[in-house]
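>>> No letters, just coordinates:
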């Protein structure tokens, strides 16, 4: 009779054939319902005094109950009594507010403790776009624009994907007319306030921007928005300085128009030792007139 009853119970197991634990692991003879107080951190306290019966541990399954999952009623995840049919995929229980724009694995960004995202930097680094400089303080929706504030469509990692309007609207200098590269990083420093142009990032090797030439305003040398074909000789930019200098008078004395012959390329353009004077004109750095420059120049 006992054998017959056991067979009937097994055949009528409402939890399916794969759940083979003893009924007493979760239920007591007094009532079949499981009291919520029986749960503790994903562990089910054995409702019987029989030491041979072990309590059921959800944490030993493929889906440990951690964080907010540990406080849920079974029926919030299991919509029927065959527990094995529950899908462990996040979106099987949670509505995908991001509409598949960030995948279906919520754990990449969220934890079971709360829904706050605290690994944004790591996620962007993984996707090849580290959040550096001003990108680190920008709000998500400044870059990820869509009909929903939580839909993060992929926008590409190239500067122009976000800054096309800035590129086209810039007229001083006119980026389009001058044929500027759409890789903003070639000229702009992401860490600089206001995205100022910086000579430290621009490829200006054909004319090194060092010393007195280390300037921030392109228009100081490139007038009328023209950036190609600008002469690199000193006189092309410094003709007015050359003609206006009267002490000594550069033009009257026939000084060379190559400023670097006499001037150091440093802020203020200080004069440097003009050792060539001995060979080109008169020995003033050697011979009996050495050191007597000011005695000859009035």
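That came in fine, so what should we check first? From a predicted model like this one, the values you see are computed outputs, not experimental measurements.

>>> Which residues are in contact with residue 164?
residue 182 (CB atoms under 8 Å, 6 or more residues apart in numbering). The way it works is simple: take the backbone N, C-alpha and C, and place the C-beta from them, glycine included.

>>> where's it, which helix or strand?
Remark: residue 164 resides in helix 159-169, with elements defined by DSSP states H and E.

>>> So which bits of that helix are buried?
By neighbour count on 16 or more other CB atoms under 10 Å, the buried set for helix 159-169 is 159, 162, 163.

>>> and which of the residues you listed is nearest residue 122?
residue 162 (20.7 Å; CB to CB).

>>> Neighbours of the closest residue to that closest one other than its chain neighbours, how many?
Nearest non-adjacent residue to residue 162, counting by CB to CB, 6 or more residues apart in numbering: residue 143, 5.6 Å away. The tally of other residues near residue 143 (other CB atoms under 10 Å) stands at 15.

>>> Dihedrals phi and psi, residue 143?
When read as degrees, to the nearest 10, the backbone of residue 143 gives phi -110, psi -40.

>>> per-residue confidence at it?
For residue 143, the model assigns a pLDDT of 86.

>>> again, but for residue 6
For residue 6, the predicted pLDDT is 43.

>>> so where's the chain shaky on pLDDT?
1-11, 34-55, 147, 194-203, 224-226, 228, 273-276, 293-298 (pLDDT under 70).

>>> still on that earlier bit, my guess is the residue nearest to residue 162 contacts residue 153. True?
No - at 10.2 Å, residue 143 does not count as touching residue 153 under the criterion of CB atoms under 8 Å.

>>> distance of residue 277 from residue 233?
Distance, residue 277 to residue 233, using CB to CB, to the nearest Å: 22 Å.

>>> whoops, I mixed them up, residue 192
Distance from residue 192 to residue 233, by CB to CB: 31 Å.

>>> any chance of the buried residues of helix 159-169 in TSV, plus distance to residue 257?
Shown next, in TSV, are those (distance: CB to CB, whole Å):
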residue	distance to residue 257
159	40
162	46
163	41
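
>>> Which of these sits closest to residue 214?
Nearest to residue 214 out of those is residue 159 (CB to CB; 24.0 Å).

>>> Residue 185 is in contact with that closest one, correct?
Yes - with contacts counted by CB under 8 Å, residue 159 reaches residue 185, the gap being 6.4 Å.

>>> residues near residue 175, how many?
Count around residue 175 with other CB under 10 Å applied: 20.

>>> For the residue nearest to it when sequence neighbours are not counted, list the residues it contacts.
Of all residues not flanking residue 175 in the chain, residue 167 sits nearest, at 5.2 Å (CB to CB, 6+ apart). Counting by CB under 8 Å, 6+ apart, residue 167 touches 160, 175, 176, 180, 182, 184.
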